[in-house]
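K.L.:
Need coordinates for the below:
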Amino acid sequence: VDGPSHYLRDPWTGDAVVNGRTRLKSRLLRGLGWKVAHVSHFEWDDTRETERRQLLTDKLAEVGVAAADTSSVPAAPDMSGQGGAPPPPKKHVCKTRRGQ
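P.N.:
Numbers count the residues shown, from 1 in each chain. Model (predicted):
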């Protein structure tokens, strides 16, 4: 979802328009063969949670990507830091003797 920092206000019309940095990033990704679908925070915030899956499906269809059936995919783990986050990686220490 493209948040507020991805948009500028058009001074003549007052409309929100995608800023240059976001347009360039999209152009570069498309140039590398990626299909890029944009969902603005305006659309996302105005859509009820139950309708967001359909919004994403429609956005993917606009760029020629068929959304997969995710009804059997388990929910993503809770990454809020309240017990759901994975533990940090262990640090490996290599001990050597001097002079060898």
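
K.L.:
residues near residue 20, how many?
P.N.:
9 (other C-beta atoms under 10 Å). For glycine as for every other residue, the C-beta is placed from the backbone atoms N, C-alpha and C.

K.L.:
What of residue 5?
P.N.:
10.

K.L.:
Could you do residue 39 as well?
P.N.:
Neighbour count of residue 39, defined by other C-beta under 10 Å: 16.

K.L.:
ok, it to residue 27 distance?
P.N.:
Remark: distance between residue 39 and residue 27 (C-beta to C-beta, to the nearest Å) = 18 Å.

K.L.:
Over to residue 37?
P.N.:
14 Å.

K.L.:
Then residue 21?
P.N.:
11 Å.

K.L.:
Grab the nearest non-local neighbour of residue 40.
P.N.:
Nearest residue to residue 40, sequence neighbours excluded (C-beta to C-beta, 6 or more residues apart in numbering): residue 2, at 5.3 Å.

K.L.:
For the protein, just list every one of the helices.
P.N.:
20-31, 41-46, 52-62 (DSSP state H).

K.L.:
now those helices as TSV including distance to residue 7 and mean pLDDT?
P.N.:
Converted to TSV, the helices of the chain look like this (distance: least, C-beta to C-beta, whole Å; pLDDT from 0 to 100):
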stretch	distance to residue 7	mean pLDDT
helix 20-31	8	95
helix 41-46	8	90
helix 52-62	16	91
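
K.L.:
looking at these, which is closest to residue 14?
P.N.:
Each of the helices of the chain has some distance to residue 14 by C-beta to C-beta; the shortest is helix 41-46, at 13.5 Å.

K.L.:
who touches the closest one?
P.N.:
Outside helix 41-46, the residues within contact range by C-beta atoms under 8 Å, 6 or more residues apart in numbering are 1, 2, 3, 4, 16, 52, 55.

K.L.:
How about the third one: what's its closest non-neighbour residue?
P.N.:
Spatial nearest neighbour of residue 3, excluding adjacent residues (C-beta to C-beta, 6+ apart): residue 41 at 4.9 Å.

K.L.:
Among the contacts of helix 41-46, which pair sits farthest apart?
P.N.:
16 and 52 (19.9 Å).
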